[in-house]
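[1] coords please:
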Amino acid sequence: MAEENVTITPVVLGSVVCKFTLPMQIIDEINSSYDEGRNQLKPFNTELAGKIKEEHLANDLLSQSTKIAFVNCFAEYIKHVQKPFWGISLGNAWINEMKAGEYNPLHYHSSPQSDLGMSSVLVLKTPSTYGEEFSNPQDPSNGYLEFTGGNQDPLGISNFRTNAQVGEFYVFPYTMLHCVYPFRGTDEVRRTLSQNCDLLKLTSNIKNMAKSVERLGSVIKEDNDG
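    Coordinates of the predicted model:
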């Protein structure tokens, strides 16, 4: 009698964090645009929780192709959590230029347009070291990104801490608590970009309005061509 294999398929309930890996072309483009135009960018500190000196609004920094890549990732996320009936609308984007001793305390995101949405963390640059850990070096925290799901079930997963790498793009709900721990021992920076994304219910009225706008755009184009 042939031996039968036992298989396992985990089913995890609750909020989800999805990690995407974006092409280095996008990372290089954002870094180059930021380095060239950072002095013209609007400070965004008053709107953010971070204890970080350099935080800048980056809406005008992103190319159309980068925004499309973000939209595709957000669309994959809502498909993964089985909520494809929500419409996607990009919100604000900003860049955190985090230096030694600075940190991002535990916080969540929100939007003036919608109570429901997704946010993200895209790692653009990391220092070569986060410095020596004060204790328990086998369980490092310096410079790490951590998500807290709020589940205190002894058999559940309550938090996820990661040494996020350049090119990794983490997508999660607005309400997901997260933080970044401080680091030390280096003059190099940890640079990240966050992009908010509102979710809007696609009612029949909104769909009809969208179709009307498309038809109007076609009419205007035909008139201009004529």
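[2] So Ala69 belongs to a helix, correct?
    Yes: the assignment for Ala69 by DSSP: H, G, I helix; E, B strand; the rest coil puts it in a helix.
[3] ok, the nearest residue to Ser158 once chain neighbours are set aside to Asn59 distance?
    Excluding the flanking residues, the one nearest Ser158 by Cβ to Cβ, 6 or more residues apart in numbering is Asn151, at 5.1 Å. Yep, even glycine has a C-beta here, placed from its N, CA and C like the rest. Going from Asn151 to Asn59 by Cβ to Cβ, to the nearest Å gives 34 Å.
[4] ok, now Gln25?
    When Cβ to Cβ is applied, the distance between Gln25 and Asn59 equals 20 Å.
[5] Over to His80?
    Taking Cβ to Cβ as the criterion, His80 is separated from Asn59 by 26 Å.
[6] where in the protein is pLDDT low?
    Low-confidence segments of the chain, defined by pLDDT under 70, span residues 1-3, 203-226.
[7] which residues in this structure form strands?
    Taking DSSP state E, the strands of the chain run over residues 18-21, 54-57, 86-98, 104-107, 117-125, 145-148, 159-162, 168-173, 177-180, 190-201.
[8] contacting residues for Ile30?
    Taking Cβ atoms under 8 Å, 6 or more residues apart in numbering as the definition of contact, the neighbours of Ile30 are 58, 61-62, 66, 95, 122, 124, 193.
[9] do that again at 6 Å, thanks
    Under the criterion of Cβ atoms under 6 Å, 6 or more residues apart in numbering, the contact partners of Ile30 comprise Leu124.
[10] again, but for Gly131
    Applying Cβ under 6 Å, 6+ apart to Gly131 gives the contacts 142, 183-185.
[11] Weed out the non-buried ones from those.
    In those, burial by neighbour count holds for 142, 183, counting by 16 or more other Cβ atoms under 10 Å.
[12] Pick out whichever of Gln25 and Asn59 has more residues nearby.
    In this comparison of Gln25 against Asn59, neighbours counted by other Cβ atoms under 10 Å, the higher total goes to Asn59 at 15 against 11.
[13] Alright, I will stop here.
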